[in-house]
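1. I need the structure of the sequence given here:
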Amino acid sequence: MTPNLHIAIVGGSGSGKSWLADHLLEALPQVSARISLDDYYRDLSALPPAERDAVNFDDPASIDWTRLGLVLDRLRKGAAAEVPSYDFHTHTRHPLPRQLIPKPVMIWDGLWLLHHEDIRSRFDWSCFLECGEAERLERRLARDARERGRSPEAVRRQFLHQVQPMHRDHVEPQRRLASEVIQAPLTAAKVQEIAGRLKSMAGIESHPGRALP
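-> Numbering: from 1, shown residues only. Model (predicted):
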């Protein structure tokens, strides 16, 4: 048995992975930490800006799986690890990683955490978030305009010609590999239910978490 519990939250772009991860952190104060697969995109600083924009970031090959595996192994052993941080404006990795001290419950979220069998086998529990295409596009439009400075036209074009085809090829097949499939919309009650199960799996004494909106 590892000294901590590692869970994977998987689903399409805009399915609610970040929402669920953040709210599980609130429901499990002091005993949980979060890691995003997004921070493991390959550093493209060696490429000119125009070439960086042409990279398909909806392909699992764009992830540095070797580094992710090393970090996952260290954390599962109970050791601190250096976690990278990615800048989506420049498509480069920040020079200084953050030091992460493992907690009893380690919450991972990302598009393809169950894609590779050797990575998938290191998680103790996983869920696939089921969310319709129209809802995911609407959420992605709001996020990319707010956080990544992209125009609605560019977001729609990328979603239809790149995101959705890659979703069918690489994200959707993980549905059958997850421990549980969770239907959107997510609710506070569902978060508390999952948090309770994770506490039990991690051997954490029951105590009230922070109330969710």
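
2. the residue in the chain sticking out farthest from the centre and W112, how far apart?
-> Distance from the centre of the chain peaks at P48, with 27.4 Å (C-alpha atoms, centre = their mean). Distance from P48 to W112, counting by C-beta to C-beta, to the nearest Å: 27 Å. C-beta coordinates here come from the backbone N, C-alpha and C atoms, glycine included.

3. any buried residues in stretch 34-54, and which?
-> Residues of stretch 34-54 classed as buried: R34, I35, S36, L37, D38, D39, Y40, Y41, R42, D43, L44 (neighbour count, 16 or more other C-beta atoms under 10 Å).

4. quick one: low-confidence ranges for the chain?
-> Residue ranges of the chain with pLDDT under 70: 1, 145, 147-149, 206-213.

5. any idea which residue sits dead centre in it?
-> Taking C-alpha atoms, centre = their mean, the centroid of the chain lies closest to D109, which sits 2.0 Å from it.

6. mind listing what that residue touches?
-> A8, I9, V10, K17, S18, L20, A21, R34, I35, S36, L37 (C-beta atoms under 8 Å, 6 or more residues apart in numbering).

7. run through the bridge partners of the closest residue to L100 other than its chain neighbours.
-> Using C-beta to C-beta, 6 or more residues apart in numbering and skipping residues adjacent in sequence, the residue nearest L100 is V83, 4.7 Å away. On the basis of DSSP bridges, V83 is bridged to R98.

8. so what's the residue count around V83?
-> By the criterion of other C-beta atoms under 10 Å, V83 has 18 neighbours.

9. go on, the one 3 residues further on?
-> Applying the criterion other C-beta under 10 Å, we find 19 residues in the vicinity of Y86.

10. gap between D39 and A184?
-> Separation of D39 from A184 (C-beta to C-beta) stands at 24 Å.

11. work out for me the element A142 sits within.
-> helix 133-147 (DSSP states H and E).

12. quick one: the helices in the chain?
-> Using DSSP state H, the helices assigned to the chain run over residues 17-27, 49-53, 65-76, 117-120, 133-147, 152-158, 164-166, 188-202.

13. now do the first one: everything it contacts.
-> Around helix 17-27, the neighbours that count as contacts under C-beta under 8 Å, 6+ apart are 9-11, 32-34, 36, 105, 107, 109-110, 127, 129, 182, 186, 188, 191-192, 194-195, 198, 209-210, 212.
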